[in-house]
Structures are given as C-alpha cells and as structure tokens.
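> Take this sequence and fold it.
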Amino acid sequence: QVEVVESGGGLAQAGGSLRLSCAASGRTRITYAMGWFRQAPGKEREFVAAVSSDGGSTRYAESVKGRFTISRDNAKNTVHLQMSSLEPEDTAVYYCNANPDTDAAWMIERAAGYWGQGTQVTVSS
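Have a look, this model is predicted:
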C-alpha cells in the first residue's frame with residue numbers, strides 16, 4: 001500500500017501562481033514515478049504532468065506546457081507542481097498519482113498506481 005498526500009492549492013487570480021506538493025510513502029521502493037491529474041466540474045480527469053523516479057524525465061499536457069513545472073525532492077519522495085500564468089480554465093481538483101511499479105514518467109499517463117485525496121485549485125478571472 002502507498003499513501004499519497006497532497007498539499008497546496010487554493011485560490012489565485014488569472015496570471016498568478018500556485019504551488020502544489022505531493023508526498024508518497026510506502027512499499028520498500030523509495031522513489032518512483034509520480035505525477036498530477038486534474039478534474040474540472042463535469043469533465044473527465046485529465047493528465048497534467050509527470051516526472052520519472054530520478055527526476056530526469058518529465059512530461060506535460062499541451063495545455064500546461066510552458067506554464068507549469070514539475071519537480072521532485074527524492075530525499076523526501078515529494079513532487080511539486082509549480083503553476084504559473086494561471087488561467088480560469090485551470091480551475092479543477094488536482095490529484096497526485098504515484099506508481100511504485102515504474103520509474104518512467106510516461107507510465108503515469110496510464111493513470112495506474114495510487115491516488116491522493118485531491119486538492120482544489122480555483123483561478124478567478
């Protein structure tokens with residue numbers, strides 16, 4: 001079992017910034033690929049960003065490229081999502097995903113692994 005805990009989020013104005021963090025623990029393996037998804041009201045959950053277990057590889061949805069940056073602190077198996085130039089369309093519940101069975105960032109897009117409880121991000125225009 002893997003425990004995934006998100007923090008951060010909240011309210012921002014359009015053009016502003018927010019930072020999300022996600023800590024994963026459990027299993028013998030210390031670090032693994034992790035990433036973020038989001039779900040807006042009435043929409044399907046969608047992939048946002050992912051990072052490999054060593055932090056050397058990242059992937060982003062087209063809608064957030066150039067605005068969001070994912071990074072990780074392997075000493076704490078924590079992943080951060082720095083969100084800049086926020087738009088009202090970024091409003092959603094953001095979920096962290098941790099997959100202890102893979103090192104690869106691209107595997108996170110398959111939405112397997114373990115989920116956090118979600119954190120709300122609201123961007124006002």
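> tell me the secondary structure for the residue nearest the centre of the chain?
When CA atoms, centre = their mean is applied to the chain, the residue found nearest the centroid is residue 36 (2.3 Å). Three-state assignment for residue 36 (DSSP: H, G, I helix; E, B strand; the rest coil): strand.
> Find the nearest non-adjacent residue to residue 10, please.
Among residues not flanking residue 10 along the chain, residue 18 sits closest, at 6.4 Å (CB to CB, 6 or more residues apart in numbering). Backbone N, C-alpha and C define where each C-beta goes, glycine included.
> lowest-pLDDT helix or strand in the chain?
Least confident helix or strand of the chain, by mean pLDDT, DSSP states H and E, is helix 105-108 with a mean of 92.
> helices and strands around that one, which ones?
Contacts defined by 3 or more CB pairs under 8 Å, 6 or more residues apart in numbering; DSSP states H and E place helix 105-108 against strand 33-39, strand 46-51, strand 58-60, strand 92-99.
> in terms of contact, does the residue nearest to residue 10 touch residue 67 like I think?
No - contact criterion CB atoms under 8 Å: residue 18 and residue 67 do not qualify, at 11.3 Å.
> Against residue 70, how distant is the residue nearest to the centre of the chain?
Residue 36 sits 7 Å away from residue 70, going by CB to CB, to the nearest Å.
> Please enumerate the shared neighbours of the two.
Common neighbours of residue 36 and residue 70, using CB atoms under 8 Å, 6 or more residues apart in numbering, are 49-50, 79, 81.
> Among the residues you listed, which one has the most neighbours?
Sorting these by how many neighbours each has (other CB atoms under 10 Å) puts residue 79 first, at 28 neighbours.
> helices or strands up against the host helix or strand of it?
Using DSSP states H and E, residue 79 sits within strand 78-83. The contact analysis (3+ CB pairs under 8 Å, 6+ apart) places strand 78-83 against strand 18-25, strand 33-39, strand 46-51, strand 68-73.
> just how off-centre is the first one within its chain?
Translated: strand 18-25. Put simply, strand 18-25 sits 7 Å off its chain's centre (CA atoms, centre = their mean, to the nearest Å).
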